[in-house]
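Visitor: Sequence and computational prediction follow.
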Amino acid sequence: MKTDLKIVDLHVHSTRSDGSMKPSDLVEYAIQKGLSAFALTDHDTTAGIEDAITAAADRNIEVIPGIEFSTEYKGRDIHILGLYLPYSNAEFQQKLTRFLDSRTVRNHKMCHALNEHGVAIQYEELSNLFPDSVITRAHYAEYLLLKGHVRSRNEAFDRFIGDYAPCFVPREKITPLQAISLVLEFGGIPILAHPLLYHMGNDALDELVSLLAKGGLVGLEAVYSTNTAADERQMRALAKKYDLAISGGSDFHGNAKPGLDLATGYGGLIIPAFILDELKLAAEMKRKKK
């Protein structure tokens, strides 16, 4: 993408969670796409950040160390992005590891459930198939497809691992407020990811954003791949109501989300670099008010 406007992408995934591109390859692709910065926000892990930052050295692109926390609010899966996290900080990693333990327990239970439904699978086999990745349901879908149990990833979710399918096992999750608190504790910028994907209804979403804003939320992802122009206006208005900054991201996963590209989403996404500048400013102002 060639443009005089500096652009960024603040929501990107790699093979360290459920994306299809290695962190170092993401850097090369981001440069091709004309990005001045991108945030590596893998699910519940910062494992790919060091590789990405190393690959970006002297390349005139900023890799923002981030994460996407899976949290739970009133039975719903709510995602909190954290930007500018101290990924090499030992205390931060200890707290993150405790959070990830619940995902491992859940994965063992899901493997057991799949075996009971005729799918021979062991957690160790799944981990070996996707080394260095945080195992998500996308990996189960890929496994089921590779082993011939289903004909598509969608079928894997419909028959086995979707929210209402027989082998789905929920895991104990931290709350959105706990995720925000952790991000703030280590100097990061907490953002509510893709609010409209939760399908909560306007009043319930307003209630959630109000709660999170009081808990220290800095930004709301209003510029997003699946948002229409009307959606974006609605999210900008909601952010303004609660004095939140705007964030933007493609939620790029590579082959895991066909047709959704880095930087441009489904073709019309543009995230100007000043959005990142305003997020940083908003975070700094909130820190000074404390």
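Guide: Structure's in. What do you need?

Visitor: all strands of the stretch 1-150 of the chain, in order?
Guide: Ranges of strands in the stretch 1-150 of the chain, per DSSP state E, counting those that start in this stretch, are 7-12, 35-40, 62-73, 76-83.

Visitor: ranking the ones you listed by burial, who's on top?
Guide: The highest average neighbour count among the strands of the stretch 1-150 of the chain, using mean count of other C-beta atoms under 10 Å, belongs to strand 7-12 at a mean of 27. Placement of C-beta: from N, CA and C, glycine included.

Visitor: what's next to that one, contact-wise?
Guide: 1, 19, 26, 30, 33-41, 64, 66, 68, 81, 83, 191, 193, 221, 224, 247-252, 262-263, 270-273, 275-276, 279 (C-beta atoms under 8 Å, 6 or more residues apart in numbering).

Visitor: Quick check: residue 243 touching residue 216?
Guide: No - proximity of residue 243 to residue 216 does not meet the contact threshold set by C-beta atoms under 8 Å, at 11.8 Å.

Visitor: more neighbours, the two?
Guide: Using other C-beta atoms under 10 Å, the more surrounded residue of residue 243 and residue 216 is residue 216, with 17 against 12.

Visitor: gap between that one and residue 285?
Guide: Distance of residue 216 to residue 285, computed by C-beta to C-beta, to the nearest Å: 12 Å.

Visitor: One more: residue 119?
Guide: Counting by C-beta to C-beta, the gap from residue 119 to residue 285 is 51 Å.

Visitor: do the same with residue 101
Guide: For residue 101, the distance to residue 285 - C-beta to C-beta - is 35 Å.

Visitor: Nearest to the spatial middle of the chain, which residue is it?
Guide: What sits nearest the mean C-alpha location of the chain, by C-alpha atoms, centre = their mean, is residue 68, with 3.6 Å.

Visitor: give me phi/psi at the residue nearest to that residue when sequence neighbours are not counted?
Guide: Residue nearest to residue 68 in three dimensions, not counting chain neighbours: residue 41, with 4.5 Å by C-beta to C-beta, 6 or more residues apart in numbering. With angles defined as degrees, to the nearest 10, residue 41 sits at phi -120, psi 60.
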